[in-house]
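K.L.:
Give me the fold of what follows.
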Amino acid sequence: MISPPLSGCAASPQGDATGGLARPAPRWHWPGPRPVRRERGAALLLAMLTVTLVATFAAASMWQQWRAVEVETAERGRVQSTWILVGALDWSRLILREDGRSGGADHLAEPWAVPLQEARLSTFLAADKNVSQVDDATTDTTEAFLSGQISDMQGRLNLTNLVDNGNVQTLALRQFTRLFERLGLPLQELSLLTDALRRAQATTGTDSTNAPLLPPTMSQLGWLGLAPTTVARLAPHVTLLPVRAPVNLNTADIDVLLAAIDGLDMASAQKMLQAREARHFRTLSEVRDLLGASIDINEGAHAVASSYFEVRGRLRLGDAMVDERSLVRKQGIEVTTLWRERGAFDRETAPGAREAQR
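P.N.:
I've put the predicted structure just below:
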């Protein structure tokens, strides 16, 4: 018996029964690794990770730099706005000081009563060496606009007149009662306001322990329990001065006139407005002659001159807008700033409203 050929070996010609040729032995190849291709893939992945990290760090650095620039720009704008508004306040004080030199009555035909409409700030800056600030590249005032106005605070009813040394003043209470009725405000809030002012001024007794804080400005009247809508309605007609002060009949609007003068009707109030538009009241005697002896003009409650004014300024610098208001006191040629506050304030008198008051 002929044994089969070994695996991988060709059979001899004699052992092939068919006499055919033997098959060639198969060639085996060892499947080894491909190191070159794997190294290329790892290098590409490492390069992509490196680029990603570099881009991330670069973006973070640019964002921090942008943020620092924005913060610096905002701070610079704030400082510039502060100094510009301080300059506007000093300018207003100068106007009131010049008004104090002339003395006499304060009325709506004086220079201080003319509001400053929004104007480019560069128009107020003096030229230096025959070069205007508009043409000076070192001064960026092309996008700065200034507006403002001076208002007579004694042309309104003074809340401080309501209470004196813890006692409610009858005349002032009648004035505020008429004002609340004319504005359609509930008299319960007037009672609440009067009681809160009385307790705020209390220095001894049980009321002093639970007394509310006396608000320094009209915007804080909510401390005394008034509703925000009531405060908003009262704002154009009421003020809160540090001392008792009479109402200036030359600058008060018709609502304040009707509230401030006992027995004054609408026809007489219109007559007062027409008379002072033609010629302001120089003395209270002129008001008495106009209204007649039946209407009492009290020197303690009425006047034709003022000492307290509110100065408002608004600066628009690019997209930013800054409002500031200050209370100043005029005593002769001395004008003193009592307080200043900054924020987003609504205009109490729109353009042309002052003309309507006349």
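K.L.:
Give the next helix or strand downstream of whichever strand in the chain runs longest.
P.N.:
Selection of the longest strand in the chain by residue count, based on DSSP state E, yields strand 320-331. Heading C-terminal from strand 320-331, the first helix or strand you meet, by DSSP states H and E, is strand 334-343.
K.L.:
what angle sits between the longest helix anywhere in the chain and strand 334-343?
P.N.:
Using DSSP state H to define each element, the chain has its longest helix at helix 35-102. Here helix 35-102 runs at an angle of 150 degrees relative to strand 334-343 (axes from the mean of the first three to the mean of the last three C-alpha atoms, to 10 degrees).
K.L.:
Offset the numbering so it begins at 36, please.
P.N.:
Happy to do that; since the first residue is 36 now, the last one works out to helix 70-137.
K.L.:
Looking at helix 70-137 now, give me its mean pLDDT.
P.N.:
Across helix 70-137, pLDDT averages out at 84.
K.L.:
Give me the angle between that helix and strand 355-366.
P.N.:
When the same axes, to 10 degrees is applied, the directions of helix 70-137 and strand 355-366 differ by 20 degrees.
K.L.:
I'd like the distance from helix 70-137 to the chain centre, please.
P.N.:
Offset of helix 70-137 from its chain centre (C-alpha atoms, centre = their mean, to the nearest Å): 23 Å.
K.L.:
Which neighbouring elements make contact with that helix?
P.N.:
For helix 70-137, the elements it packs on are strand 179-187, strand 343-352, strand 355-366, strand 369-378, judged by 3 or more C-beta pairs under 8 Å, 6 or more residues apart in numbering; DSSP states H and E. From N, CA and C alone the C-beta is placed, and that goes for glycine too.
K.L.:
Following element in sequence after it, please.
P.N.:
As assigned by DSSP H and E, the chain's next helix or strand after helix 70-137 is strand 151-155.
K.L.:
what angle separates that next one from strand 343-352?
P.N.:
With the same axes, to 10 degrees defining the directions, strand 151-155 sits at 30 degrees from strand 343-352.
K.L.:
Centre of the chain to strand 151-155, how far?
P.N.:
The answer for strand 151-155 is 17 Å, by C-alpha atoms, centre = their mean.
K.L.:
Can you pull the poorly scored residue ranges out of the stretch 136-285 of the chain?
P.N.:
Scanning the stretch 136-285 of the chain with the threshold set as pLDDT under 70 gives 159-177, 238-245.
K.L.:
what about the helices in it?
P.N.:
Remark: helices assigned in the stretch 136-285 of the chain by DSSP state H, counting those that start in this stretch are 205-218, 222-235, 263-269.
K.L.:
now those as a markdown table including mean neighbour count and distance to residue 296?
P.N.:
Below are these laid out as a markdown table (neighbours: other C-beta atoms under 10 Å; distance: least, C-beta to C-beta, whole Å):
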| stretch | mean neighbour count | distance to residue 296 |
| --- | --- | --- |
| helix 205-218 | 17 | 9 |
| helix 222-235 | 17 | 19 |
| helix 263-269 | 15 | 19 |
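K.L.:
Switch those helices over to JSON lines; also include distance to residue 347.
P.N.:
Output for the helices of the stretch 136-285 of the chain, formatted as JSON lines (distance: least, C-beta to C-beta, whole Å):
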{"stretch": "helix 205-218", "distance to residue 347": "23"}
{"stretch": "helix 222-235", "distance to residue 347": "25"}
{"stretch": "helix 263-269", "distance to residue 347": "17"}
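K.L.:
For residue 81, find the nearest of those.
P.N.:
Among those, helix 263-269 comes nearest to residue 81, with 64.3 Å by C-beta to C-beta.
K.L.:
which residues sit against that closest one?
P.N.:
214, 218, 220, 221, 224, 253, 254, 256, 257, 261 (C-beta atoms under 8 Å, 6 or more residues apart in numbering).
K.L.:
How about stretch 365-378, which residues are buried there?
P.N.:
365, 370 (16 or more other C-beta atoms under 10 Å).
K.L.:
Please apply the same query to stretch 349-369.
P.N.:
Applying 16+ other C-beta under 10 Å to stretch 349-369 flags 349-352, 357-365 as buried.
K.L.:
would TSV of the helices and strands packed on helix 70-137 with distance to residue 125 be doable?
P.N.:
Formatted as TSV, the helices and strands packed on helix 70-137 follow (distance: least, C-beta to C-beta, whole Å):
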stretch	distance to residue 125
strand 179-187	12
strand 343-352	10
strand 355-366	11
strand 369-378	9
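K.L.:
Minimum distance to residue 95: which of the ones you listed has it?
P.N.:
Closest approach to residue 95 among the helices and strands packed on helix 70-137 is made by strand 355-366 (27.4 Å; C-beta to C-beta).
K.L.:
which other helices and strands contact that closest one?
P.N.:
If you count contacts as 3+ C-beta pairs under 8 Å, 6+ apart, strand 355-366 packs onto helix 70-137, strand 343-352, strand 369-378.
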